[in-house]
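**Student:** need coordinates for the below:
(2 chains)
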2 protein chains.
Amino acid sequence: METGNLVSFRPDIKVLDATIRDGGLVNNFAFSDEFVKDLYHANIKAGVDYMEFGYRADKSIFSVDDFGKWKFCNEEDIRSIVGDNNTDLKIAVMTDVGRTDYKNDVIPKSESVVDLIRVATYVHQIPTAIDMIEDAKNKGYEVSVNIMAVSKVNDQDITNCLEELSKSSADIIYLVDSFGAFYPEQIRSLTDKYMNVAERCGKKIGIHAHNNQQLAFASTIEALTHGASYLDATVCGMGRGAGNCFMESLLGFLKNPKYSLSPIMDLVSKHMIDMKKDYTWGYDIPYLLTGVLNSHPSTAIKFIKDGRTDYSKFQQELLDL
Amino acid sequence: METGNLVSFRPDIKVLDATIRDGGLVNNFAFSDEFVKDLYHANIKAGVDYMEFGYRADKSIFSVDDFGKWKFCNEEDIRSIVGDNNTDLKIAVMTDVGRTDYKNDVIPKSESVVDLIRVATYVHQIPTAIDMIEDAKNKGYEVSVNIMAVSKVNDQDITNCLEELSKSSADIIYLVDSFGAFYPEQIRSLTDKYMNVAERCGKKIGIHAHNNQQLAFASTIEALTHGASYLDATVCGMGRGAGNCFMESLLGFLKNPKYSLSPIMDLVSKHMIDMKKDYTWGYDIPYLLTGVLNSHPSTAIKFIKDGRTDYSKFQQELLDL
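**Tutor:** So this is what the prediction gives:
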C-alpha cells in the first residue's frame, strides 16, 4: 500500500477520465466527434491514464435510434477517434450487469483497441458480475469491477461481496459513491475496508465519487490518501445529476509531474462553456437533498427538468418515498 | 473538547450566517431591506445561532456613498431590521484591523443589539487586534478573532500568534482559509493546533472556509470533527470569489434537532435564484487556480469580470505574480 503526503507523488496513481460515459447520462451520449477527438487529445497531453468512451450496451435492450453512439461503443466508432491508439492513454468501456451481451459484444482484446473493461454491478448481481469479469479477463483485458450504491448496503453484505470479488480475476475494485451520500470520514473507513482486501490479493482500489454534497473531490483525495490509486474524474464534473469529481481539481492537486492541467483547461475554454449552456448538471439543492437522504438522483433530475424551485416541498416528497 | 460521530449531535455547536457580510463583498452590500429581513427571520426559524450583518467600517476611510449600508452597520440600521431582537438569534458585526474606528464606532453593549464583535486580522496586525479585542470585551461583547490568510504564514508564526491570543479576552479564535488553499488533511492538523490552545485557556475554535477547490463544506465538517464548534456558512455559499461553505449543506449535515433546513431553502426559492442572475460568485476555474496557488482571489475576480476564458494563460500569469 502506498499513501503519501501533500508534497509527495505516487507513481501508482492512475487517473481515469469518465466524461463521455458519465457525461453521456446528461446529454444522451450526443457528443460530437470533434468533441470526443479533442477530449482524447487533451487527455493524452494532460497525462491522463485512461479514457472511458461509454457503455457497451446490449442493442437488443436499447435501441441505437434512442441514444448517441457512445452508449454502445462499437469497436469501429472508437477506432474512428483513436486509430490504433499508439499512445500512453488507455481506453476503457463500461459493461453494466444485465444490460450487456458480454459474451458476444466483448470481442477478444487481440482484436480491440480497448484496454480496460469496467464491470458495473449492484451487490445482488455479484455472481453475474464475476462471470463478466472472468469472461473479459479470459479475452485478455484489464478488468475493474465497480460496486454501485454501496451506501444502501449493510456492512456485512459489503464484506461478503468484497470476499467474493477477492477470488475473482478483477484487477481493480472500485468504491463508488453513487448517490453522493458519503461523508469523508465514511470514505476513509470504507477505503480502509476495501484496501484490506486489495492488499491481501494483489488488487488495486479505485474511487468514483458524486458531487451531490460538493464532496466528490474531497472524497477522492481522502480515498487517495488511504491507498486508493485509480481515481475517476470528469471535465467540469460533467455527469449525471450533481456530476463527478472535477478533473481540473484533481489534476491541480496531483503532484506527479506527468500530469498537466493546461490541456484540460483549454478543452474547457473551447467546448465546455458552450456545453454548460446546452445541458444542465452539477451541484444544486435537489441533489444535495437526495445525497443527504441517500437516494437515487432521478427524482432530483425530474424536479429540475420540471423547472420547480419549491425545495421544501421536494424534501417532504423525498421523505415519503 | 467535544468531537462526535455522524449520528451524534454536539450541543456546543454554533452556526454563524455570514451571508450579508461575505456576500456583501459580491454586491457591494446592496441588499434590499426585504432580503435582510427575510434572511433574519429564516435564520431564526432555521435555528441558526448568529447572523453577521456586515462590517463596521471607518467612515473616514470608506465613503458611505460608495457602499451599501451593511459596510458600516449603523446601530439604527440593524435595529430597523431586528428591533430589540428578542429572539435566540445573536447579532454579529465584523471589525477589520486598520479599517475600523473601534474606539468610537463600537458603542457599549448596553446600548447595542449586537452580541458578537468579530475582529478580523492578519498575523502582523495582532497587537492592534488584541487592543480591539480588549476594547470590545470591556464594552461588554462576546468577541471572536479571525486570523486571516494563515495559509501564507509559517507554522512558528501561527504558534506565536495563537500564544498571544491565548492571553487575550477573545472568546473564540477562528481558523480562516482565506484563499481556499487548504486540503482537508491540513484543516485537520491546523484545527488540532488551534484546539490545543483553546482547551488550555477555555476558548472556542471556529472555522471559516472558502470554496475555491470545492472544499469549503468538507473543511468545515472536518474541523468540526476535530473540535471546532463555531461554523461559518452563507446561503448558497454567497461570498467573495468562490464563496463560502453552503448553509444548506451544513444544516443538511448537522443532526442537532434545533436546526432546520427548510426555512433556508424557502429563502433560496424566494430570493437567491434571482440573486444568482444579478451577481456572480461560486466555484470556477480561476478561483480553483488561485486556491491551488494559495493567492488572493482578486486576480480571478478581475479575470471573470473581464469575460476572459483563457484559463491556461491566466495560470501562467499567476505563476509570474
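
**Student:** and A:K302, how many neighbours?
**Tutor:** Number of residues near A:K302 (other Cβ atoms under 10 Å in any protein chain shown) recorded here: 12. Any C-beta I mention is one placed from the backbone N, CA and C, and that applies to glycine too.

**Student:** what's the answer for A:I205, then?
**Tutor:** So A:I205, with other Cβ under 10 Å, has 27 neighbours.

**Student:** pretty sure it is touching A:M195, no?
**Tutor:** Yes: between A:I205 and A:M195 a contact is recorded at 5.6 Å, counting by Cβ atoms under 8 Å.

**Student:** quick check, A:I147 in contact with A:R118.
**Tutor:** No: under the criterion of Cβ under 8 Å, A:I147 makes no contact with A:R118, lying 11.5 Å away.

**Student:** what touches both of those two?
**Tutor:** Residues touching both A:I147 and A:R118 by Cβ atoms under 8 Å, 6 or more residues apart in numbering or on different chains: A:Y174.

**Student:** neighbour count winner among these two?
**Tutor:** Neighbour count, other Cβ under 10 Å: between A:I147 and A:R118, A:R118 has more, with 30 against 25.

**Student:** so how far is the strand or helix carrying that one from its chain's centroid?
**Tutor:** Assigning secondary structure by DSSP states H and E places A:R118 in strand A:116-121. Relative to the chain's own centre, strand A:116-121 is displaced by 10 Å; criterion: Cα atoms, centre = their mean, to the nearest Å.

**Student:** quick one: mean pLDDT for the helix or strand following that strand?
**Tutor:** Note on strand A:116-121: by DSSP H and E, the next helix or strand toward the C-terminus is helix A:126-138. The average pLDDT within helix A:126-138 is 98.

**Student:** who's in contact with the residue of the stretch 101-250 of chain A found nearest chain B?
**Tutor:** Minimum separation of the stretch 101-250 of chain A from chain B (Cβ to the nearest Cβ) falls at A:A218, amounting to 3.4 Å. Taking Cβ under 8 Å, 6+ apart, we find A:A218 in contact with A:P184, B:P184, B:Q214, B:L215, B:F217, B:A218.

**Student:** out of these, who's the most crowded?
**Tutor:** Counting neighbours by other Cβ under 10 Å, B:L215 comes out on top of the contacts of A:A218 with 30 neighbours.

**Student:** for the closest residue to that residue other than its chain neighbours, phi and psi?
**Tutor:** Once flanking residues are discounted, B:L215 sits nearest to A:A218: 5.5 Å by Cβ to Cβ, 6 or more residues apart in numbering or on different chains. Here is the backbone geometry of A:A218 (degrees, to the nearest 10): phi -60, psi -40.

**Student:** what separates A:A218 from A:L289, distance-wise?
**Tutor:** Per Cβ to Cβ, to the nearest Å, A:A218 is found 19 Å from A:L289.

**Student:** next one: A:V113
**Tutor:** As defined by Cβ to Cβ, A:V113 lies at a distance of 41 Å from A:L289.

**Student:** ok, the two, which is more surrounded?
**Tutor:** Per other Cβ under 10 Å, whichever of A:V113 and A:L289 has more neighbours is A:L289, with 27 against 17.

**Student:** helices or strands next to the helix or strand hosting the more buried one in the packing?
**Tutor:** Following DSSP H and E, one finds A:L289 within helix A:285-292. Applying 3 or more Cβ pairs under 8 Å, 6 or more residues apart in numbering or on different chains; DSSP states H and E, we find helix A:285-292 packed against helix A:298-305, helix A:311-319, helix B:247-253.

**Student:** mind running it again at 10 Å?
**Tutor:** Using 3 or more Cβ pairs under 10 Å, 6 or more residues apart in numbering or on different chains; DSSP states H and E, the elements in contact with helix A:285-292 are helix A:298-305, helix A:311-319, helix B:247-253, helix B:262-267.

**Student:** just the CA trace of it, in PDB.
**Tutor:** Taking C-alpha atoms only, helix A:285-292 is exported to PDB below (Å, rounded to 0.1, in the frame of the first residue of the first chain):
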ATOM      1  CA  ILE A 285     -30.200  21.900  -3.800                       C
ATOM      2  CA  PRO A 286     -32.300  18.900  -5.100                       C
ATOM      3  CA  TYR A 287     -29.100  16.800  -5.500                       C
ATOM      4  CA  LEU A 288     -28.000  17.900  -2.000                       C
ATOM      5  CA  LEU A 289     -31.300  16.600  -0.700                       C
ATOM      6  CA  THR A 290     -31.100  13.200  -2.500                       C
ATOM      7  CA  GLY A 291     -27.500  12.900  -1.300                       C
ATOM      8  CA  VAL A 292     -28.200  13.600   2.300                       C
END
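
**Student:** got the angle for that helix vs helix A:311-319?
**Tutor:** Interaxial angle of helix A:285-292 relative to helix A:311-319 (axes from the mean of the first three to the mean of the last three Cα atoms, to 10 degrees): 30 degrees.

**Student:** report the angle between the axes of helix A:285-292 and helix A:298-305?
**Tutor:** Angle of helix A:285-292 versus helix A:298-305, following the same axes, to 10 degrees, is 170 degrees.

**Student:** and the top helix by length along chain A, which residues are buried?
**Tutor:** In chain A, taking DSSP state H as the definition, the longest helix is helix A:184-201. Using 16 or more other Cβ atoms under 10 Å in any protein chain shown as the test for burial, helix A:184-201 gives A:P184, A:I187, A:R188, A:L190, A:T191, A:K193, A:Y194, A:M195, A:V197, A:A198.

**Student:** farthest pair in these?
**Tutor:** A:P184 and A:V197 (20.8 Å; Cβ to Cβ).

**Student:** before we move on, the earlier item: list just the nearest of the contacts of A:A218 to A:I130.
**Tutor:** Set against A:I130, the nearest of these by Cβ to Cβ is A:P184 (30.4 Å).

**Student:** I'd say the closest one and B:T220 touch.
**Tutor:** No: at 11.2 Å, A:P184 does not count as touching B:T220 under the criterion of Cβ atoms under 10 Å.

**Student:** who touches both of the two?
**Tutor:** Shared contacts of A:P184 and B:T220, defined by Cβ atoms under 10 Å, 6 or more residues apart in numbering or on different chains, are found at B:P184.

**Student:** sec struct for A:M51, please.
**Tutor:** At A:M51 the chain is in strand, as set by DSSP: H, G, I helix; E, B strand; the rest coil.

**Student:** against A:S63, how distant is A:L254?
**Tutor:** Distance, A:L254 to A:S63, using Cβ to Cβ: 40 Å.

**Student:** on that earlier part again, in its sheet, what does the strand holding A:R118 sit against?
**Tutor:** Its sheet considered, strand A:116-121 pairs with strand A:90-96 (parallel), strand A:142-147 (parallel) by DSSP bridges.

**Student:** which residue packs closest to A:S80, ignoring adjacent ones?
**Tutor:** Nearest non-adjacent residue to A:S80 (Cβ to Cβ, 6+ apart): A:D33, at 7.2 Å.

**Student:** what residues are up against the one you found?
**Tutor:** A:D33 is in contact with A:K69, A:D77, A:S80, A:I81, counting by Cβ under 10 Å, 6+ apart.

**Student:** interface residues of the stretch 51-200 of chain A facing chain B?
**Tutor:** When proximity is defined as Cβ under 10 Å from any Cβ of the partner chain, the stretch 51-200 of chain A approaches chain B at A:F182, A:Y183, A:P184, A:E185, A:Q186, A:R188.
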